[in-house]
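Colleague: would you be able to build a 3D model of this:
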Amino acid sequence: MKGDYGLDYEGLKIIGSLPLSRFAPEGGENLLATMVGATIVGIGSTEEEGIEGGGLIIDYRPRNSTELRRAVFAFSEAGMWIEWEGPIPA
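Modeller: Residues are numbered from 1 along each chain as shown. Presented below is the predicted three-dimensional model:
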């Protein structure tokens, strides 16, 4: 399906990298690789202020793990980055 700017959303190549951030100066490749194949247990945003662009929050369980983790992504006109990532209580 063609979207804005003539992009073919179905055919987009996924690049396992994000812009650099203070939390993930390497660009987030390790986090993104960990999330591939994970079980997503929650996805959404928050009403709390303080996350640029409103944020995207993904709670997940990595493959072959019982630990729950959370990844918080922030957005601006400059791009998207990892705001925070870590374990959360079950």
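Colleague: show me what the one residue sitting closest to the centre of the chain is bridged to.
Modeller: Nearest to the mean C-alpha position of the chain, by C-alpha atoms, centre = their mean, lies Phe73 at 5.0 Å. Counting by DSSP bridges, Phe73 forms beta bridges with Leu56, Ile82.
Colleague: now swap in Gly42 and tell me
Modeller: Asp59.
Colleague: give me the pLDDT for it.
Modeller: As predicted, Gly42 sits at a pLDDT of 97.
Colleague: where does this protein have low pLDDT?
Modeller: The model of the chain has pLDDT under 70 over residues 1-4, 20, 22-23, 27.
Colleague: now the helices: where do they sit in it?
Modeller: Secondary structure of the chain (DSSP state H): helices at 29-35.
Colleague: all strands of it, in order?
Modeller: 39-44, 56-61, 69-76, 79-87 (DSSP state E).
Colleague: dump those into CSV; add distance to Pro19 as well.
Modeller: Placement of C-beta: from N, CA and C, glycine included. Putting these into CSV (distance: least, C-beta to C-beta, whole Å) gives the following:
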stretch, distance to Pro19
strand 39-44, 21
strand 56-61, 14
strand 69-76, 10
strand 79-87, 4
